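> Provide a 3D model corresponding to the input given below.
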Amino acid sequence: MNKALFAFLCSIPVILAAQPSAIAIGRRVHIETVGQKPIAGTLIAQTADGLVIVGPLGERTPVTTAALTRIRVSEGRSRSRGALVGLGYGSLIVGGGLGGMVALSDEPEWAPLVAVVAGLYGGVLGAGIGAIIGREQWTAVSLSPPRVSIRIAPRNVPGVGLSVSF
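You can find the predicted model right below:
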């Protein structure tokens, strides 16, 4: 039993090292590198020392693994987040714009009412547009490989310790 447990614990680093990459080919990625502006595109190739990203205009961008500082993977577009962002922008732009125009006109006493009514209208309009467009959601991917450490207890204490971190 102890030999089987020891063999299993020793095989964990090999099992973890054989795991496939966390990023599937064809996924939308957002990459930040040292000294360059962020790159967003589709992952088309991945090697041990780099990635190849295709941008929205079809340009291929090779990125070395050593230069990576952050990778995020797209989880798709969220209609609810888009609606919330649209609600905020629509309220501020339409309400503030019309309220400011009325405040500078001959009847500035109407400015607060116009700002509120126009803000509500702009918020509804912005939420509708935001829900149609959606907002892309990104999830960060760990750049460090999993670390595994195995410790054998001192001679007078039977046991083995295992630590796995991702």
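
> so what's A83 up against?
A127, G128, G130, A131 (CB atoms under 8 Å, 6 or more residues apart in numbering). Using the backbone N, CA and C atoms, a C-beta is placed for each residue, glycine as well.

> how about a cut-off of 10 Å?
G126, A127, G128, I129, G130, A131, I132, I133, G134, R135 (CB atoms under 10 Å, 6 or more residues apart in numbering).

> ok, and the most crowded of those residues?
When these are compared by neighbour count (other CB atoms under 10 Å), G126 ends up highest, at 24 neighbours.

> do you know how far the residue sitting nearest the centre point of the chain is from R70?
Nearest to the geometric centre of the chain sits W138, at 2.4 Å (CA atoms, centre = their mean). Going from W138 to R70 by CB to CB, to the nearest Å gives 10 Å.

> common neighbours of those two, please.
Residues touching both W138 and R70 by CB under 10 Å, 6+ apart: H30.

> just for this protein, where's the confidence low?
Where the chain drops to pLDDT under 70, the residues are 1-22, 143-147, 160-166.

> what's the domain layout of it?
Following automatic domain parsing, one gets these domains for the chain: 2-76+136-161, 79-133.

> show me the helices in this structure, by range?
Here the chain has its helices, by DSSP state H, at 2-17, 79-90, 96-103, 111-133.

> L57 is nearest to which of those?
In terms of CB to CB, the element of the helices of the chain nearest to L57 is helix 111-133, at 20.1 Å.

> packing partners of the closest one?
Applying 3 or more CB pairs under 10 Å, 6 or more residues apart in numbering; DSSP states H and E, we find helix 111-133 packed against helix 79-90, helix 96-103.

> deepest-packed of the domains of the chain, please.
Mean neighbour count (mean count of other CB atoms under 10 Å) peaks for domain 79-133 among these, with a mean of 16.
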